[in-house]
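Novice: Next one to model:
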Amino acid sequence: MNPTNGRVEPQVQPVAIPAYCRVVGQEGFYAVTADLSVQGVRLRAARIPRRGETMECRIRHVDPFEGTVVRTSTADFVLKVGGRSPGAVARQLLGAARIQLGTDEPVRQHRRIVPTERAVGVSFQEGGSVPGEIVDISASGIAVRVGRRPGIGSIVVLGATPAQVVRHFDGGFGAAFLRPFDPGEVHVDLIL
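Specialist: The predicted structure is shown next:
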């Protein structure tokens, strides 16, 4: 309860999990959950859907679910979970967050952007390199589409920037920079 106005404030539970979202009839995009409340699931993403759009989200360890975008800002949006079981989705999200806390997998908590120059060379720890395409980038990490995915935990060099692979997704991987950027250095003209 807020002592200044006597109203009960909604409880917010931090939950940071990578997600793949898709508005019906549009190309999907990657996001990361930020928190969970009675308002819905707040997600951060480089691409922000419009208020009122219905979308599907897929998150590891959580059944796919649909919801309606009820709030947006320049860096995040809130998805009100629809269907018959929003409570089940909430329980699964909290369970997935607990599973995540049992790992050392870094989570990007900074604003993601899509750079103007998306091509990036990916050099592997064991030798060799391939061309990649940046999906999005933040001060602490990056998502890259690439034909040959390096193993989780391996070190790669993206352009001239070393990073550790922390997850796979269909057609690519996510990596945490070994030395994160200052958030002010991350902009659409950033070259790695």
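
Novice: CA only for contacts and neighbour counts going forward, please
Specialist: Fine.

Novice: Can you check what pLDDT the model gives the most centrally placed residue in the chain?
Specialist: The residue lying closest to the centre of the chain (C-alpha atoms, centre = their mean) is Val32, at 2.7 Å. Reported pLDDT at Val32 in the predicted model: 86.

Novice: ok, now how distant is it from Ile142?
Specialist: As defined by C-alpha to C-alpha, to the nearest Å, Val32 lies at a distance of 12 Å from Ile142.

Novice: hey, where'd the strands end up in the chain?
Specialist: Here the chain has its strands, by DSSP state E, at 13-14, 18-23, 29-37, 40-45, 54-59, 62-72, 76-81, 119-124, 129-137, 141-146, 155-158, 161-169, 172-177.

Novice: list the helices and strands the shortest one packs on?
Specialist: When contacts are defined as 3 or more C-alpha pairs under 8 Å, 6 or more residues apart in numbering; DSSP states H and E, strand 13-14 sits against strand 29-37.

Novice: Alpha carbons of the strand it packs on, as CSV, please.
Specialist: The C-alpha trace of strand 29-37 is given here as CSV (Å, rounded to 0.1, in the frame of the first residue of the first chain):
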residue,chain,number,x,y,z
PHE,A,29,11.3,-10.1,-33.6
TYR,A,30,13.3,-10.8,-30.4
ALA,A,31,12.6,-9.2,-27.1
VAL,A,32,13.4,-9.8,-23.4
THR,A,33,10.9,-9.8,-20.6
ALA,A,34,11.5,-7.2,-18.0
ASP,A,35,8.8,-7.8,-15.4
LEU,A,36,5.4,-9.3,-14.7
SER,A,37,2.5,-7.6,-12.9
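
Novice: name the helices or strands packed onto that strand?
Specialist: strand 13-14, strand 18-23, strand 40-45.

Novice: so what strands line up beside that strand?
Specialist: strand 13-14 (antiparallel), strand 18-23 (antiparallel), strand 40-45 (antiparallel) (DSSP bridges).

Novice: Can you tell me which of the ones you listed is most buried?
Specialist: Most buried of those by mean neighbour count (mean count of other C-alpha atoms under 10 Å) is strand 40-45; its value is a mean of 24.

Novice: pLDDT averaged over it - what is it?
Specialist: Throughout strand 40-45, pLDDT has a mean value of 88.

Novice: How about stretch 69-82?
Specialist: Stretch 69-82 comes out at a mean pLDDT of 91.

Novice: Kindly report the same for stretch 151-164.
Specialist: Averaging pLDDT along stretch 151-164 yields 89.
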